[in-house]
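J.: can you look at this prediction? I've put the sequence above it.
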Amino acid sequence: MVRSAATVQIVEVDETYFGSRAEKRTTRTSGAAFIKKGRSGPSNKRAVLGLIERNGSVRTFHVASATKENVAVLVTENIAVASMLFTDESRLYPTVGATFLDHMTVKHSAGEYVRGGVHTNTIESYFSVFKRGMKGTYPPTGIVRRSTFTATLPNLTSATISA
């Protein structure tokens, strides 16, 4: 991943939610109750954070809870400050994005997926392959199996972070 400041790199960051938690939550990380009854969003699913360098390598991290703090630690430890950060409009990224050379977002909720060269399609595509593999070709038997699977994908480093 990007750690040297020799050239400006573009790094896409996004999170996805997959599988189910061992301990079911009844409230969101903010403490508010779930209101959609698990029909959409991250409710009771495992969070996976992905960082992908354009034309480069990928790193994925299982995080116990996708919070601003957890995301900030992983992003700042794995991406050089001289990089450009591309994300979606999630509230997880504005604070950490301000520490990089530039932080640009696309607004999926408004139907915007690409604006010039700004997009998160590369990491979204990676997550699509990951999820398809986990549901079909490599059905998981648990988080250990998931970690083994992610380690077999090209240019990938995976880790588990506790929160």
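T.: In hand now; what should we look at? Note that the coordinates shown come from a computational prediction; the quantities given were computed from them, not determined experimentally.
J.: in the chain, what spans have low per-residue confidence?
T.: 1-6, 25, 28-29, 34-43, 137-163 (pLDDT under 70).
J.: can you report phi and psi for Ser125?
T.: Note on Ser125: its backbone torsions stand at phi -70, psi -40 [degrees, to the nearest 10].
J.: then Leu49 would be within a helix, right?
T.: No. Counting by DSSP: H, G, I helix; E, B strand; the rest coil, Leu49 is not found in a helix; it is strand.
J.: in the sheet, who's paired with it?
T.: Under the criterion DSSP bridges, Leu49 forms beta bridges with Glu15, Phe61.
J.: how many residues are close by it?
T.: A count of neighbours around Leu49, defined by other Cβ atoms under 10 Å, yields 23. For glycine as for every other residue, the C-beta is placed from the backbone atoms N, C-alpha and C.
J.: and it, what does it touch?
T.: Val13, Asp14, Glu15, Thr60, Phe61, Val63, Ala66, Asn70, Val71, Leu74 (Cβ atoms under 8 Å, 6 or more residues apart in numbering).
J.: roughly how far does it sit from Glu112?
T.: Applying Cβ to Cβ, to the nearest Å, the value for Leu49 to Glu112 is 22 Å.
J.: ok, now Val118?
T.: In this view, Val118 and Glu112 are 9 Å apart by Cβ to Cβ.
J.: and for the two, which residues touch both?
T.: Val106.
J.: and the two? which has more neighbours close in?
T.: Val118 (17 against 14).
J.: next up, phi/psi of that one, please.
T.: When quoted as degrees, to the nearest 10, the phi and psi of Val118 stand at phi -90, psi 120.
J.: which non-adjacent residue is nearest it?
T.: In space, Val118 comes closest to Met104 once its chain neighbours are excluded; the distance is 4.6 Å by Cβ to Cβ, 6 or more residues apart in numbering.
J.: might one say that Ala72 is in contact with Gly97?
T.: No. Checked against Cβ atoms under 8 Å, the pair Ala72 and Gly97 is beyond contact range at 9.6 Å.
J.: those two - which one has more neighbours?
T.: The residue with more neighbours, out of Ala72 and Gly97, is Gly97; 19 against 16, by other Cβ under 10 Å.
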